[in-house]
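> Generate coordinates for the sequence data below:
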Amino acid sequence: KTLVIGASYVALECAGFLTGLGYDTTVMVRSIFLRGFDQQMANKIGAYMEKTGTKFLRGFVPVKAEKTKEGKIKVTYKPKDGSEEASVEVDTLLMAIGRVPETKWLNVDKLGFKFDRLGKILTATNEQTPVPNIYCIGDAASEKLELTPVAIQAGRLLAARLYQRGQALMRYDLVPTTVFTPLEYGAIGLSEEDAIEKYGDDNIEVYHSTFRPLEMFLSKRMEEDCYTKLVCNKARNETVVGFHILGPHAGEMTQGFAVAMRKGATKADFDATVGIHPTAVEELTLLEITKSSGESSMKAGC
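The predicted structure follows:
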């Protein structure tokens, strides 16, 4: 029996494979799933995981963990509003509540470095710190995605600028990423919420579809679980500013679209692309239903 504390991608990925291996797994969620990701997609992941066996304790925070005489771990928790406590005994406790960088011990504040509230180092768009010959990349840098490929790419571009007369800066706005939960989630660009905040509700149109991959028809699985949407900026010829897909192999489907979006792909470009039939990713070339229409996103047939 396992208790996972946290609702980050690490927490949900681990809970997913533990459930898949047959272990009794519960996730304690303080507030929302996948902070920073599109919340419609995050909640769909949570719903699918719950449907397939993962349990959730929502709105709770841990108070303490103690070893019992029987060798179990007794975790005491309470609602986040601070009311009555409860407890659960588990064999394994997994803490996946995020992390903060160990930057303070470097004493770089003495050099004039500035930090955000988490202790991450503030940098310019070229990763430069207030000290001209010191740069910061990766998870220790403020407002950067905590992804290994992002740090590697930023490092390569920085080395090219320093030693090869390169000019290219790292773009952090259109980084493709995938959450490897039981129902994979691939994303590029802005969440629907962030797009509305940035461009205004009147300037955003969302094309979406609920579909079932052909491979799931025979086994009668995932009838209403797979979903995709394109978040488009109407003020810019429906440029696609957010790409989101839930389904098997979402990571494989997401990677190539990042190239198109870096080149400014519009909804019309997606429509003009011939889909590969019968694949799940073909769905991105067939999107017709908008959220604003109020019509059901459910796809009929394969």
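> quick one: what helix or strand has Val206 in it?
strand 204-211 (DSSP states H and E).
> and after that strand, which helix or strand comes next?
strand 226-233.
> quick check: angle from that next one to strand 204-211?
Orientation of strand 226-233 against strand 204-211 (axes from the mean of the first three to the mean of the last three C-alpha atoms, to 10 degrees) gives an angle of 170 degrees.
> Tell me the strands beside strand 226-233, with direction?
Here strand 226-233 is paired, per DSSP bridges, with strand 204-211 (antiparallel), strand 239-246 (antiparallel).
> Run through who's touching the first one.
Going back to what we said before, that points to strand 204-211. For strand 204-211, the surrounding residues in contact (C-beta atoms under 8 Å, 6 or more residues apart in numbering) are 192, 195-196, 224, 226-234, 238, 247, 267, 280, 283, 286-292, 296-299. Quick note: C-beta positions are derived from backbone N, CA and C, even for glycine.
> contacting residues for the residue nearest in space to the middle of the chain?
Closest residue to the average C-alpha location of the chain: Phe37 at 4.5 Å, with C-alpha atoms, centre = their mean. Listed by C-beta under 8 Å, 6+ apart, the contact set of Phe37 reads Tyr9, Val179, Tyr185, Ala187, Ser191.
> from those, which single one is nearest Leu94?
Tyr9 (13.6 Å; C-beta to C-beta).
> on that earlier part again, buried among the contacts of strand 204-211? Make that a PyMOL selection.
Remark: buried members of the contacts of strand 204-211, expressed as a PyMOL selection using 16 or more other C-beta atoms under 10 Å:
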select buried, resi 192+195+196+226+227+228+229+230+231+232+233+238+247+267+280+283+286+287+289+290+291+297+299
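> in the longest helix seen in the chain, what counts as buried?
With secondary structure taken from DSSP state H, the chain has its longest helix at helix 148-163. Buried residues in helix 148-163, counted by 16+ other C-beta under 10 Å: Val150, Ala151, Gln153, Ala154, Leu157, Leu158, Arg161.
> wait, the fifth one sits on Arg171?
No - using C-beta atoms under 8 Å as the test, Leu157 is too far from Arg171 to be in contact (9.4 Å).
> Turn the buried residues of helix 148-163 into TSV, including distance to Gly71 and pLDDT.
Listed next are those as TSV, based on distance: C-beta to C-beta, whole Å; pLDDT from 0 to 100:
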residue	distance to Gly71	pLDDT
Val150	41	97
Ala151	39	97
Gln153	45	97
Ala154	45	97
Leu157	50	98
Leu158	49	98
Arg161	55	97
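> Pull the most distant pair out of the residues you listed.
Farthest pair in the buried residues of helix 148-163, by C-beta to C-beta: Val150 and Arg161, 16.5 Å.
> what's the closest non-adjacent residue to Val274?
Nearest residue to Val274 in three dimensions, chain neighbours excluded: Thr285, at 7.0 Å (C-beta to C-beta, 6 or more residues apart in numbering).
> That should have said Pro248, apologies.
Nearest non-adjacent residue to Pro248 (C-beta to C-beta, 6+ apart): Pro213, at 5.8 Å.
> Next, the contact list for the one you found, please.
Taking C-beta under 8 Å, 6+ apart as the test, what Pro213 contacts is Met222, Cys226, Gly247, Pro248, Ala280.
> want to throw the residues you listed into a markdown table with pLDDT and distance to Cys136?
Formatted as a markdown table, the contacts of Pro213 follow (pLDDT from 0 to 100; distance: C-beta to C-beta, whole Å):
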| residue | pLDDT | distance to Cys136 |
| --- | --- | --- |
| Met222 | 80 | 42 |
| Cys226 | 94 | 39 |
| Gly247 | 95 | 36 |
| Pro248 | 94 | 37 |
| Ala280 | 91 | 39 |
